[in-house]
Every structure is written in structure tokens, then in C-alpha cells.
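Visitor: next come a sequence and a model predicted from it.
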Amino acid sequence: MANIKYEILEKIGKISESPKGWTKELNLISWNGRAAKYDLRDWAPDHEKMGKGITLTKEELKRLRDTLNGMNLG
């Protein structure tokens, strides 16, 4: 398996935490030295292991925000 390098540039927020201590987080991350993207995924307590997630550009994050704001979650 290829070695994936990442750098968490900004921890934006924790969404939830499992009983085992894994957290679902929104962060700004640079993957393999590339331009940073917004990233939503599960992380082990030490941030050494991660689950599958999604990355979003700033424009995609804005569209997601607008979509969520338009939802009726009541």
C-alpha cells in the first residue's frame, strides 16, 4: 500500500465521537503536498489512523453549506 502523507493545517471542528474515541472531524488538510482541501472523516484518537472520508474544495464546501441551510431538519 502506498504511503499517504498528510498535514492537518487547521482543525475546524469535531462532529461526533464514538465510544472507542474515534472522532468525525472537519479539517483543512494537505494530502501528499498538494493544495489544502476541506476534509470530513473519522480519525483515531492519535490521528495516526483514519477512516474513509470526503474532500471538498472551498466552493464545494460553500455549496454544501447552502444546501444544508435550505433543508428542513425540524
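Guide: Alright, I've got the coordinates. Numbering: from 1, shown residues only.
Visitor: so who does Leu56 touch?
Guide: Neighbour list for Leu56: Lys37, Tyr38, Asp39, Leu40, Leu64 [criterion: Cβ atoms under 8 Å, 6 or more residues apart in numbering]. No exception for glycine: its C-beta is placed from N, CA and C like everyone else's.
Visitor: next: Ser16.
Guide: With Cβ under 8 Å, 6+ apart, Ser16 has these contacts: Thr23, Lys24.
Visitor: show me the beta-bridge partners of Lys14.
Guide: Glu25 (DSSP bridges).
Visitor: hang on, the earlier thing: give me the subset of the contacts of Leu56 lying in helices.
Guide: The helices, defined by DSSP state H, take in Leu64 from those.
Visitor: can you pick the most crowded of the contacts of Leu56?
Guide: Asp39 (21 neighbours; other Cβ atoms under 10 Å).
Visitor: what's the local residue count around the nearest residue to that residue once chain neighbours are set aside?
Guide: Nearest residue to Asp39, sequence neighbours excluded (Cβ to Cβ, 6 or more residues apart in numbering): Ile29, at 4.4 Å. By other Cβ under 10 Å, the residues close to Ile29 number 20.
Visitor: pLDDT score assigned to Ile29?
Guide: As predicted, Ile29 sits at a pLDDT of 98.
Visitor: likewise Ile4?
Guide: As predicted, Ile4 sits at a pLDDT of 86.
Visitor: which residues are in contact with it?
Guide: Trp31, Asn32.
Visitor: Ile4 versus Gly33, what's the distance?
Guide: Per Cβ to Cβ, to the nearest Å, Gly33 is found 11 Å from Ile4.
Visitor: which residues in the chain form strands?
Guide: 6-17, 23-31, 37-43, 50-56 (DSSP state E).
Visitor: extract the C-alpha set from the longest one and format it as PDB.
Guide: As requested, C-alpha coordinates have been extracted for strand 6-17 and formatted as PDB (Å, rounded to 0.1, in the frame of the first residue of the first chain):
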ATOM      1  CA  TYR A   6      -0.900  14.400   5.100                       C
ATOM      2  CA  GLU A   7      -0.700  17.600   7.100                       C
ATOM      3  CA  ILE A   8      -3.600  18.900   9.100                       C
ATOM      4  CA  LEU A   9      -3.300  22.700   8.600                       C
ATOM      5  CA  GLU A  10      -6.500  23.600  10.500                       C
ATOM      6  CA  LYS A  11      -8.700  21.700  12.800                       C
ATOM      7  CA  ILE A  12     -12.100  23.200  12.100                       C
ATOM      8  CA  GLY A  13     -14.500  21.100  14.300                       C
ATOM      9  CA  LYS A  14     -15.400  17.800  15.800                       C
ATOM     10  CA  ILE A  15     -18.700  16.500  14.600                       C
ATOM     11  CA  SER A  16     -19.000  13.400  16.900                       C
ATOM     12  CA  GLU A  17     -17.100  10.900  18.900                       C
END
